[in-house]
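In: predicted coordinates and the sequence they were generated for:
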Amino acid sequence: MAKQSTKNKPTAQNTVADVRENETPSIDNESAMISLSEAAALLGIHRTTAWKLNERGEFPVPILKLGGSRRVVRAHLQRYFETGEKVTLPFKPTSDSTSIAR
C-alpha cells in the first residue's frame, strides 16, 4: 500500500487543550457560582493551593460543598475583589452584587 499524502488534509485549528490554555474565566458570566478551580484562576493561584487554603479555612470567600464539588458564589468573589477583605457568612450584598447573585 502506498502512503497517502497529508498535504491536502485540513489540520485541526484548536484542540481542547489549546482552548483551555487560552481560556480565562470571566467574573461576568451568567452563572451564580463557579468552581473552586475557576475561582483559583481568577485569584491568580493554582487550584491545589485553593484546595489547601480551603482545608485550612483560609480561602478569602466561603466555599460551598455540593456533592463532590466545591463551588464559590460569584457575588462573594466580586466583593472580595472590590474590597480586598475576606468575605464571611452571613453575606450582605451591595446593590451591585445582588444582580450578579441571582
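Out: Yep, that arrived.
In: strands of this structure, start to end?
Out: Listed in chain order, the strands found in the chain under DSSP state E are 33-35, 63-66, 69-73.
In: for Lys86, which non-adjacent residue is closest in space?
Out: Pro60 (4.8 Å; Cβ to Cβ, 6 or more residues apart in numbering). C-beta: built from backbone N, CA, C; applies to glycine.
In: number of residues surrounding the one you found?
Out: When neighbours are defined as other Cβ atoms under 10 Å, Pro60 has 19 of them.
In: any idea how far it is from Gly68?
Out: Using Cβ to Cβ, to the nearest Å, one gets 23 Å for the distance from Pro60 to Gly68.
In: next one: Glu82
Out: Between Glu82 and Gly68 the computed distance is 31 Å (Cβ to Cβ).
In: compare the two (neighbour count), which wins?
Out: With neighbours defined as other Cβ under 10 Å, Glu82 and Gly68 compare such that Glu82 has more, 11 against 5.
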